[in-house]
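Novice: Sharing a model prediction with you, sequence too.
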Amino acid sequence: MHRHHHFFGGRSEHRGRHPWAGQMGGRMGHHGRHRGGRVGRFLEHGDLRFVVLALIAEQPRHGYELIKELEDRTGGAYRPSPGVIYPTLALLEDEGFIRPAAGDAGRKLYEATDEGREALAANQAGVDAVFGRMAEAAEGADSTRPRIGRAMANLGMALQQRLSRRPITPAEIDRIVAMIDDTAVAIERT
């Protein structure tokens, strides 16, 4: 069975899910950070699906790495929330466009499948146009605060993952607290 996938559209259903579940369709609203109305100009309905696929096709990535990469490519003008990225990853995995990478421990690392690369090739012009608009947004953006916010969020996520993996010993807690305290002192001195 041959399936058609289009950049600005797609299947009307997929395993009972809306094909654009988790995407913001050109408006930021609560799905991601918005500055100066720029984001709505470079992401249209359905763009995020193939943009995420393109980033994974470049190299295997975790969900958080995708959030960071999109923020970096827009100069901090857009940082998608996990509530946007993770449903998009689930949709791409359901479609057979991505799969978990073999041998990954910890965060789920995704890689593109052959079917995903074919779908991406068929939609490359649209992806390139979005990346071009992202680059334009990045040129005039002040990315200082978003980058610091992203780094703080990364620290919080790393702590949550570590605390949820297995019981933590008092010695491990002491090491983690010391690293955070040392970092705080180093930041104050810069």
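Specialist: Arrived safely, thanks for sending. Because the structure is a prediction, the values reported are computed rather than measured.

Novice: contacts and neighbour counts: CA atoms only from here.
Specialist: Fine.

Novice: Now do the contacts for Glu111.
Specialist: By Cα atoms under 8 Å, 6 or more residues apart in numbering, the residues touching Glu111 are Ile56, Ala57, Gln59, Pro60, Arg61, Ile98, Arg99, Pro100, Ala101.

Novice: So which of those residues are in helices?
Specialist: Using DSSP state H, the members of those that fall in helices are Ile56, Ala57.

Novice: what number of residues lie near Lys108?
Specialist: A total of 15 residues lie near Lys108 under the criterion other Cα atoms under 10 Å.

Novice: and it, how far is that from Leu53?
Specialist: From Lys108 across to Leu53, the span is 15 Å (Cα to Cα, to the nearest Å).

Novice: And Gln161, by the same measure?
Specialist: For Gln161, the distance to Leu53 equals 25 Å [Cα to Cα].

Novice: Give me the more crowded residue out of the two.
Specialist: Set Gln161 next to Leu53 and count neighbours by other Cα under 10 Å: Leu53 wins out with 25 against 13.

Novice: pretty sure the more buried one contacts Gly116?
Specialist: Yes. With contact defined as Cα atoms under 8 Å, Leu53 counts as touching Gly116 (7.2 Å).

Novice: Give the residues shared as contacts by those two.
Specialist: Shared contacts of Leu53 and Gly116, counting by Cα under 8 Å, 6+ apart, come down to Phe97, Ile98.

Novice: before we move on, the earlier item: quick check on the contacts of Glu111: which are buried?
Specialist: Buried by 16 or more other Cα atoms under 10 Å: Ile56, Ala57, Pro60, Arg61, Ile98, Arg99, Pro100, out of those.

Novice: What segments of the chain are helices?
Specialist: Using DSSP H, helices in the chain cover 39-42, 47-58, 63-73, 82-94, 114-122, 124-139, 144-165, 170-189.

Novice: Turn those into a markdown table, columns for mean pLDDT.
Specialist: Shown next, in a markdown table, are the helices of the chain (pLDDT from 0 to 100):
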| stretch | mean pLDDT |
| --- | --- |
| helix 39-42 | 52 |
| helix 47-58 | 94 |
| helix 63-73 | 90 |
| helix 82-94 | 93 |
| helix 114-122 | 95 |
| helix 124-139 | 86 |
| helix 144-165 | 77 |
| helix 170-189 | 90 |
